[in-house]
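**Q** Pasting a predicted model and its sequence here:
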Amino acid sequence: MNTTNKFSLLILMGFLTITSCGKKDPARDGEPADVIETTTEGEGVAAPVTVENVLVIEGNDQMQFNTKELKAVAGKPITLTLKHVGKIPKEAMGHNLVILQEGTDESAFALKANEAKATDYIPESEKASIVAHTKLLGGGEEDTIEFTIDKKGTYNFICSFPGHVAMMKGVLIVE
């Protein structure tokens with residue numbers, strides 16, 4: 001068995017060990033974006049208010065985002081944080097979040113991204129198809145980006161790491 005096969009087998013065994021032993025935290029499922037409790041004088045019950053255009057999304061070692069839908073307000077700055085809550089390094093299980101322009105073919109973009117290892121799977125030839133993107137992250141890392149989308153619409157987002165787009169995708173709805 002050559003060195004490449006041994007290394008691939010080692011990574012696969014490590015991935016299977018980690019994913020089979022991990023426990024799911026049900027409290028994190030469906031966790032909303034930052035919430036502020038507010039009360040008006042004279043009112044007894046606090047009403048949750050989502051902080052406008054502050055978005056947090058998580059990716060894990062099972063190639064999943066914790067949500068498939070994000071919402072933002074058009075024309076106002078958006079702060080988006082991607083957290084890789086897994087443990088596997090980015091070379092084997094990297095995650096990013098790429099927001100694509102409306103009408104971009106996800107599959108065609110992903111094929112070009114597969115060939116863009118030198119630029120962390122963000123293909124230079126497809127820059128015009130990208131609204132915004134995070135850095136490529138390994139387990140335990142996070143990245144926060146700020147951008148503005150002026151046009152209302154539905155924008156697809158994906159993880160462009162090879163093989164991830166089939167499971168790691170969703171929509172950003174800008175209203």
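**A** Sure thing, it's come through. Quick caveat, the model's predicted, so the values are computed rather than measured. Numbering: from 1, shown residues only.

**Q** now this structure, which segments are flagged as low pLDDT?
**A** In the predicted model, the chain carries pLDDT under 70 at residues 1-51.

**Q** In it, mark out all the helices, start to finish.
**A** 3-21, 90-93, 106-114 (DSSP state H).

**Q** Give me the distance from the last one to the chain's centre.
**A** Helix 106-114 sits 16 Å away from the centroid of its parent chain (C-alpha atoms, centre = their mean, to the nearest Å).

**Q** Tell me which residues of that helix come out buried.
**A** When burial is assessed from 16 or more other C-beta atoms under 10 Å, helix 106-114 yields the following buried residues: 106, 109-110, 112-113. Every residue, glycine included, has its C-beta placed from N, CA and C.

**Q** For stretch 118-125, C-alpha coordinates in PDB please.
**A** Coordinates of each C-alpha in stretch 118-125 appear next as PDB, following Å, rounded to 0.1, in the frame of the first residue of the first chain:
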ATOM      1  CA  ALA A 118      -5.100  27.200  -4.500                       C
ATOM      2  CA  THR A 119      -7.800  29.800  -3.800                       C
ATOM      3  CA  ASP A 120      -9.600  27.700  -1.200                       C
ATOM      4  CA  TYR A 121     -12.200  26.500  -3.700                       C
ATOM      5  CA  ILE A 122     -13.300  30.000  -4.800                       C
ATOM      6  CA  PRO A 123     -12.700  30.000  -8.600                       C
ATOM      7  CA  GLU A 124     -11.200  33.200  -9.900                       C
ATOM      8  CA  SER A 125     -13.200  32.700 -13.200                       C
END
